[in-house]
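Asks: Got a predicted structure plus its sequence, pasted below:
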Amino acid sequence: MRGKLVVGNWKMNGGLAANAALLSAIAAGWNAPTGRELAVCVPYPYLAQAQAALSETRVAWGAQDVSEHEAGAYTGEVSARMLVEFGCRYAIVGHSERRQYFGDTDAIVAAKARAALATGITPIACVGETLAEREQGVTEAVVLRQIDAVVAAAGADIARLVVAYEPVWAIGTGRTASPAEAQVVHATLRARLTSAGGQSVPLLYGGSVKADNAAALFAMTDIDGGLIGGASLKAGEFLAIARA
Ligand code: 13P
């Protein structure tokens, strides 16, 4: 059976004092039912804090990106091996904000996924169409192009991936894909993953997930959990989503 997973993506938010309160509230409120996992992906400078706050708890942590390079003259980059030293289980790759603002192409995203896998970190590979692409009717073509790049890079390690479908028009907008709309894309992704040997890969939905819409989304056949932005910054709301 595929595991259920809810991951918080803090994006570029946080501060030492606020993080301490948030991390301890999340850890205290999470009783880790069988088959369910909870994780937070924090900005790089807070990885040590997350590691200290969460290592004795049942909440996992990770980063929001990772370099495709192993080591060397890459100013500003952070390698997968460094993430391992800080206990990261996950690294998000290919988030739409990275693709949109920082030039992450399918090839770069694939290389980042490969770099994470090579050190034992689970990449959470994000795919999703823009509003313009949805209106042009190319949603399926876009998400398949994005997933195929990552699947090819993963090769025999495909079962170690996590994939998140995040329609760009639903991120931070308050506009969620309806459960049925999300399920259509998830079914497409599931079929592609299954044909490549990745039938067990957890498939998360992200984009304006809140406590009041999470249960309906997570009830869909091919939705195994969520990648949560804004709502992951409030412990009560994040835990309510995780329990949904
Ligand atoms: P919001 O939940 O704030 O819409 O963000 C979703 C997201 O981008 C998670 O990676």
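Replies: Here it is on my side, so go on. Numbering: from 1, shown residues only.
Asks: low-confidence ranges in the chain?
Replies: For the chain, the stretches flagged by pLDDT under 70 are 1.
Asks: Show me what residue of it gets nearest to the ligand.
Replies: Gly229 (2.2 Å; Cβ to the nearest ligand atom). Where C-beta positions appear, they are placed from N, C-alpha and C, glycine not excepted.
Asks: In contact with the nearest residue to that residue once chain neighbours are set aside, which residues?
Replies: Distances taken as Cβ to Cβ, 6 or more residues apart in numbering place Asn9 nearest to Gly229, at 5.3 Å, with adjacent residues excluded. Contacts for Asn9 (Cβ atoms under 8 Å, 6 or more residues apart in numbering) come out as Cys41, Gln64, Ile92, His95, Gly206, Leu227, Ile228, Gly229, Ser232.
Asks: So the closest residue to the fifth one other than its chain neighbours, which state does it fall into?
Replies: For Gly206, ignoring the flanking residues on the chain, the nearest one in space by Cβ to Cβ, 6+ apart is Leu227 at 3.4 Å. When states are read from DSSP: H, G, I helix; E, B strand; the rest coil, the local structure at Leu227 comes out as strand.
Asks: neighbours of Leu227, just the number please.
Replies: 27 (other Cβ atoms under 10 Å).
Asks: gap between it and Gly76?
Replies: For Leu227, the distance to Gly76 (Cβ to Cβ, to the nearest Å) stands at 24 Å.
Asks: if I pick the closest residue to Ala50 other than its chain neighbours, what's in contact with it?
Replies: Leaving out its chain neighbours, the residue that sits closest to Ala50 by Cβ to Cβ, 6+ apart is Trp61, at 4.2 Å. By Cβ under 8 Å, 6+ apart, Trp61 lies in contact with Ala39, Val40, Cys41, Val42, Leu47, Ala50, Gln51, Leu54, Gly87, Cys88, Arg89, Tyr90.
Asks: Isn't Ala242 up against Trp30?
Replies: Yes - under the contact definition of Cβ atoms under 8 Å, Ala242 touches Trp30, with a separation of 6.7 Å.
Asks: Counting neighbours, go ahead and name the busier of these two.
Replies: Using other Cβ under 10 Å, the more surrounded residue of Ala242 and Trp30 is Ala242, with 29 against 21.
Asks: which residues touch that one?
Replies: Val6, Trp30, Arg36, Leu38 are the contacts of Ala242 under Cβ under 8 Å, 6+ apart.
Asks: ranking these by neighbours, who comes first?
Replies: Leu38 (28 neighbours).
Asks: State the three-state secondary structure for that residue.
Replies: Going by three-state DSSP: Leu38 is strand.
Asks: For the residue most central in space within the chain, list each beta-bridge partner.
Replies: Among the residues of the chain, the one closest to the centroid is Ile124, at 4.3 Å (Cα atoms, centre = their mean). Ile124 forms beta bridges with Ile92, Val162, as assigned by DSSP bridges.
Asks: Go ahead and confirm it touches Glu166.
Replies: No - look at Ile124 against Glu166 with Cβ under 8 Å: they stay out of range, at 10.3 Å.
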